[in-house]
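Asks: model the following, please.
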Amino acid sequence: MIRQAQSGNARIPKRRGIRLEPYLLLLPSILLIGIFKIYPIFYSLAESFVKSARGGVLRFVGLDNYLSLFSEPTFAHSLGITVWFCAVTTVLQVVLAIVLALFLNRRSKAVRMARTLIYIPVSVSMVIACTVWNLFFSASTGIINTVLSSLGLREQPFLTSRDQALYVIMFVCCWKGIPYWMMFLLAGLQNINASVYEAAKLDGAGFWTTLFRITLPMLKNSLVFVIISDTLINVFMFVPVYLLTDGGPSMSTDTLMYEAYRSAFSYGNYPRAYALVTVMMIIAIVIAAVQMAITRDNEPRAARRVKGGARA
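Replies: Numbers count the residues shown, from 1 in each chain. Take a look at the predicted model:
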């Protein structure tokens with residue numbers, strides 16, 4: 001019997017070498033990411049250190065493009081607009097997405113229907129969304145101004161006012177972005193065990209205590225993902241600015257992304273555009289790193305404090 005078992009074990013072939021099938025399956029995706037994601041990043045970084053000379057010859061200028069960029073008042077203006085737009089839009093989108101997710105975290109036919117209706121803006125492309133909202137906010141023939149005029153109220157220069165244009169763009173971005181992020185947060189809420197809420201209810205916890213002591217802490221991973229992703233998307237927001245205001249009026253909506261576009265395709269200053277894009281990538285990396293550091297999981301530290309208190 002022992003010999004039979006040994007001979008049976010001897011017949012089992014040993015795996016040798018490396019299996020190539022998984023790598024071959026990943027190869028198309030790796031090539032696409034390399035061509036359309038990684039290569040443009042390194043190309044724009046390299047081009048930001050050169051400048052066109054006479055005859056179209058490129059010459060290395062080091063950090064000159066960045067130094068001249070930082071000394072321009074246009075850059076500071078666009079940076080301020082981008083920071084303000086990103087901060088306000090991200091806060092509004094995340095807070096309202098949480099409110100919607102909490103409201104729709106129920107099981108009923110009416111709630112399922114509401115989820116479908118609220119999610120409709122996500123299925124619409126940003127180009128179509130901007131085209132439709134332009135019909136509402138247009139100064140002369142817009143639907144909103146037509147209604148205001150019929151009611152005897154003063155028409156509003158939504159897209160032609162320095163004080164209103166940026167907030168109209170924020171509204172359009174929130175209209176499209178809130179339902180999108182709401183679905184991520186709703187999925188996180190549905191992963192929370194109902195027994196946790198039952199225990200909190202037995203302990204006499206109210207709505208706000210449950211929200212801040214149970215729901216939001218247990219929703220932390222989803223919140224971190226939503227905040228970081230939404231911030232990065234808003235930093236690079238371009239389509240609403242291009243279609244609704246074209247950077248105007250009087251550069252009041254001239255974000256960094258639109259300034260990079262204008263540098264490249266209106267002025268033909270590609271090195272400046274590449275430098276702007278590189279600065280934006282650095283800003284995005286810093287924002288993501290700071291947010292991850294702030295929202296880092298502190299459970300091990302809290303556990304140590306609890307253990308120390310128990311020992312005491």
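Asks: whichever helix or strand residue 102 is part of: how far from the chain's middle?
Replies: Using DSSP states H and E, residue 102 maps to helix 73-103. Chain-centre distance of helix 73-103: 10 Å, with Cα atoms, centre = their mean, to the nearest Å.
Asks: quick one: list the elements packing against the helix or strand just after that helix.
Replies: Following helix 73-103 in sequence order, the next helix or strand is helix 109-118 (DSSP H and E). Helix 109-118 sits against helix 165-190, with contacts defined as 3 or more Cβ pairs under 8 Å, 6 or more residues apart in numbering; DSSP states H and E. The way it works is simple: take the backbone N, C-alpha and C, and place the C-beta from them, glycine included.
Asks: can you point out the buried residues in the helix it packs on?
Replies: For helix 165-190, the neighbour count (16 or more other Cβ atoms under 10 Å) marks 165-166, 168-174, 176-186, 188-189 as buried.
Asks: buried residues in the helix holding residue 102?
Replies: 75, 78-79, 81-82, 85-86, 88-90, 92-94, 96-98, 100-102.
Asks: per-residue pLDDT, the residue nearest the centre of the chain?
Replies: Residue closest to the average C-alpha location in the chain (Cα atoms, centre = their mean): residue 230, at 2.4 Å. If you check residue 230, the pLDDT there is 94.
Asks: and residue 235, by the same measure?
Replies: 93.
Asks: got it, and the one 3 residues further on?
Replies: Note for residue 238: predicted pLDDT of 94.
Asks: residue 276 versus the closest residue to it other than its chain neighbours, what's the distance?
Replies: Closest residue to residue 238 apart from its sequence neighbours, by Cβ to Cβ, 6 or more residues apart in numbering: residue 257 at 4.5 Å. From residue 257 across to residue 276, the span is 8 Å (Cβ to Cβ, to the nearest Å).
Asks: with residue 157 instead?
Replies: From residue 157 across to residue 276, the span is 29 Å (Cβ to Cβ).
Asks: who has more neighbours, those two?
Replies: In terms of neighbours (other Cβ atoms under 10 Å), residue 276 is the more surrounded of residue 157 and residue 276; the figures are 28 against 16.
Asks: name the SS class of residue 59, please.
Replies: Per DSSP: H, G, I helix; E, B strand; the rest coil, the local secondary structure of residue 59 is strand.
Asks: in this structure it contacts residue 49, no?
Replies: No: using Cβ atoms under 8 Å, residue 59 makes no contact with residue 49, being 10.0 Å away.
Asks: now stretch 37-53: buried residues?
Replies: Buried, per 16+ other Cβ under 10 Å, within stretch 37-53: 44, 47, 48, 49, 50, 51.
Asks: buried sites along stretch 234-250?
Replies: Result for stretch 234-250 [16+ other Cβ under 10 Å]: buried residues 234-237, 239-245, 247, 249.
Asks: over to stretch 149-169?
Replies: Buried, per 16+ other Cβ under 10 Å, within stretch 149-169: 156, 157, 158, 159, 160, 161, 164, 165, 166, 168, 169.
Asks: which of the residues you listed sits closest to residue 195?
Replies: Within the set of the buried residues of stretch 149-169, residue 169 lies nearest residue 195; the separation is 44.0 Å, counting by Cβ to Cβ.
Asks: lovely, talk soon.
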